[in-house]
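[1] starting from these lines, generate the structure:
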Amino acid sequence: MSKGGSSASTEDSLLSQDTVALKCTNKYCKIRLSFFDSHIVVTRRLFMQAINQAVVQMFGLVGGAMIIDLLMFCESKQTGFIKFQSRHSEQILSSLVCYTELYDSEHENSLSCRLEILGFSPDVLDADESCTSRESRSLKFFSG
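    Numbers count the residues shown, from 1 in each chain. Sure, this is the predicted structure:
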């Protein structure tokens, strides 16, 4: 075999590489928690309690096993940004929109409320200073 033949063989092996499809493993969601009794202050604790209760209420122990991370929270706007696995998107989003009553274990009472989905995205692109503290910045979502 000539040198030209072996270099062609090497060239063919370099060109026949496998393509890897990348998929987003996480989704991001901007949510607002509002209470019908307007004097209630939405804290980080109440915000996450509402989200966790919503998922557990609709999906039981399976819902409780879904990992939901609070990335940022803005108390003045009553909004937060959560991250969760893409495979749980339908369950989490459906439980959030159906949630209407938070049981506040600290005060041992039920509060009528609503979780509103303000944004949903596979990517978080940037942060801007819409809240005063660094920890409470809001996020811009990729819209596509």
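[2] which residues sit against the longest helix seen in the chain?
    When the chain is scanned for its longest helix (criterion: DSSP state H), the result is helix 44-64. Under the contact criterion Cβ atoms under 8 Å, 6 or more residues apart in numbering, helix 44-64 has outside partners 31, 33, 40, 66, 68, 70, 73, 75, 78, 80, 82, 91-92, 94-96, 98-99, 102-106, 113, 115. From N, CA and C alone the C-beta is placed, and that goes for glycine too.
[3] give the residue spans of this structure that score low on pLDDT.
    1-23, 124-144 (pLDDT under 70).
[4] just to be sure, Asn88 is in a strand?
    Not Asn; residue 88 is His. No. His88 is assigned helix when assessed by DSSP: H, G, I helix; E, B strand; the rest coil, not a strand.
[5] report the buried residues of the longest strand seen in the chain.
    Of all the elements of type strand in the chain, the one with the most residues (DSSP state E) is strand 109-121. Neighbour-count burial for strand 109-121 flags 113-115, 119, 121 (criterion: 16 or more other Cβ atoms under 10 Å).
[6] what angle separates it from helix 44-64?
    Interaxial angle, strand 109-121 versus helix 44-64 (axes from the mean of the first three to the mean of the last three Cα atoms, to 10 degrees): 80 degrees.
[7] using CSV, list the CA coordinates for strand 109-121.
    What follows is strand 109-121, C-alpha atoms only, in CSV (Å, rounded to 0.1, in the frame of the first residue of the first chain):
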residue,chain,number,x,y,z
ASN,A,109,-53.3,28.7,59.2
SER,A,110,-54.2,28.5,55.5
LEU,A,111,-53.7,31.4,53.2
SER,A,112,-55.4,31.8,49.8
CYS,A,113,-52.8,32.5,47.2
ARG,A,114,-51.8,32.1,43.6
LEU,A,115,-48.5,31.1,41.9
GLU,A,116,-48.1,32.9,38.6
ILE,A,117,-45.6,31.8,36.0
LEU,A,118,-44.0,34.9,34.5
GLY,A,119,-41.3,33.3,32.4
PHE,A,120,-40.0,29.9,31.4
SER,A,121,-36.8,29.0,29.6
